[in-house]
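In: just need the structure, nothing else, for what follows:
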Amino acid sequence: MQRHKCSTLVSSALLLSAAVLSACGESDSNAVYFRVSDGDPKDAFTIGLTDPDKIATARAVVSGTKKGPVHVAGIVIAEPESYNKPWHFHLDSPSIVFFEMAAEVCDARTSYVDEHLKEVGGAFLPKSYWCPWGSKIEAEIPAP
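Out: Prediction:
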């Protein structure tokens, strides 16, 4: 009986650890990474996608078969991720969408977002939503 309780506790602890790592923004082993241009090579950034439909869309943009919405938008998380260096933020993977047109209030250069992270979510990028108009997925890249 004691062995079963310990086994159950260990299993529960492992599941909880995985949930905590995921919630804390740790890289997901199922993520696929894409380099996104922001119109200026020094402003390129990286996104990690886990949703199969979004991955398929991103791959279609890279291959040139996707002609519709190709710009990338999402919620800015003001924490660095290993795959998005040198920036001090990343986009929340589940929030990432592809768009054709968006309101001016969410457009900004990558470097400007990085320099003004403390202001994100207020008057600058309300609700932390960022939609760089010049963004386009350039390439699928290896996991970090």
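In: Thr46 contacts Ile141, doesn't it?
Out: Yes - assessed by Cβ atoms under 8 Å, Thr46 is found in contact with Ile141 at 6.8 Å. C-betas here are computed from N, CA, C, even on glycine.
In: mutual contacts of these two, please.
Out: The overlap between the contact sets of Thr46 and Ile141 (Cβ atoms under 8 Å, 6 or more residues apart in numbering) consists of Tyr33, Phe34, Arg35.
In: tell me the pLDDT of the last one.
Out: Predicted confidence (pLDDT) for Arg35: 96.
In: wouldn't it be in contact with Lys136 here?
Out: No - distance between Arg35 and Lys136: 10.1 Å, which falls outside the contact criterion (Cβ under 8 Å).
In: domain map for the chain?
Out: Per automatic domain parsing, the domain ranges recorded for the chain read 1-29, 31-141.
In: mean pLDDT lowest where, among the ones you listed?
Out: Among those, domain 1-29 scores lowest, at a mean of 39.
In: leaving out chain neighbours, which residue sits closest to Phe98?
Out: Pro69 (4.3 Å; Cβ to Cβ, 6 or more residues apart in numbering).
In: now do the contacts for that neighbour.
Out: Phe98, Phe99, Glu100.
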